[in-house]
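Asker: Predicted model follows, preceded by the sequence.
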Amino acid sequence: MARENPNIIITGTPGVGKTTHAEQLARATGFKHLSVNQIVKDEGFHEGKDEETGSWIVDEDKVSPRPPRNPPLASSGGYILDWHACDLFPERWIDLVIVLRCDSTTLYDRLTARGYKGKKLEENMDSEIMQVLLDEAREAYKEEIVVELRSETTEDAEGIWRGWRCG
Ligand code: DAT
């Protein structure tokens, strides 16, 4: 049976603007913003923090069936899934994948402002330059549902979702 509303993944390297866009889109549509990072932290679906990078080591076995613990995700839809990877979500649940992209200078400034340095900063910068998340999304989902969007200016984040409606 078709879903009433689409499920939308917003993905990209940390700092590209997933939270910012997901919040704007949730406001415009009334869809529910599900931040996987938040779920991992709140529910303890991790194996502690990586000493070197300070990032949560996600326990994917625990987290993977969890977002849809919420059965409406698969049936009625209307979820905005915000996560810096998209391999958690089976293709059949997903209608649109937005991969946010950002130029290096802007991303560097955002990540350093967030306190990223050393290996963590380097790895994330490399990941964006090598378009790792875009390639992952293209591998995991049908090409026609994967959209690449710039997220450098406030206009990029706000303008695009103003007046955006589904259905
Ligand atoms: P993410 O959730 O991908 O880690 P974020 O939404 O927390 O990223 O954004 C990181 C920082 O960059 C935050 O201070 C907001 C800012 N930002 C993100 N997208 C932006 C945009 N398109 N224009 C201006 N600032 C933006």
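Answerer: That came through fine. Numbering: from 1, shown residues only.
Asker: How about this protein: which residue is closest to the ligand?
Answerer: The chain approaches the ligand most closely through Gly17 (2.6 Å), counting by CB to the nearest ligand atom. All C-beta spots, glycine's among them, are computed from the backbone N, C-alpha and C.
Asker: Read off the pLDDT value for that residue.
Answerer: Note on Gly17: pLDDT of 96.
Asker: Now for it: which residues touch it?
Answerer: 100, 102, 151, 156-157 (CB atoms under 8 Å, 6 or more residues apart in numbering).
Asker: The residues you listed also near the ligand: which ones?
Answerer: When the contacts of Gly17 are checked against the ligand using CB under 6 Å from any ligand atom, the ones in range are 151, 156-157.
Asker: Who wins on neighbours among those residues?
Answerer: Counting neighbours by other CB atoms under 10 Å, Ser151 leads the ones next to the ligand among the contacts of Gly17 with 25 neighbours.
Asker: Backbone dihedrals for that residue, both of them.
Answerer: phi -140, psi 70 (degrees, to the nearest 10).
Asker: Is Glu23 in a helix, a strand, or coil?
Answerer: Three-state call for Glu23 (DSSP: H, G, I helix; E, B strand; the rest coil): helix.
Asker: Off-centre distance for the helix or strand of the chain with the lowest mean pLDDT?
Answerer: Within the chain, no helix or strand scores below helix 60-63, which has a mean of 74 by mean pLDDT, DSSP states H and E. Taking CA atoms, centre = their mean, to the nearest Å, one finds helix 60-63 lying 17 Å from the centre of the chain it belongs to.
Asker: Buried ones in that helix, by neighbour count?
Answerer: Going by neighbour count (16 or more other CB atoms under 10 Å), the buried part of helix 60-63 is Val63.
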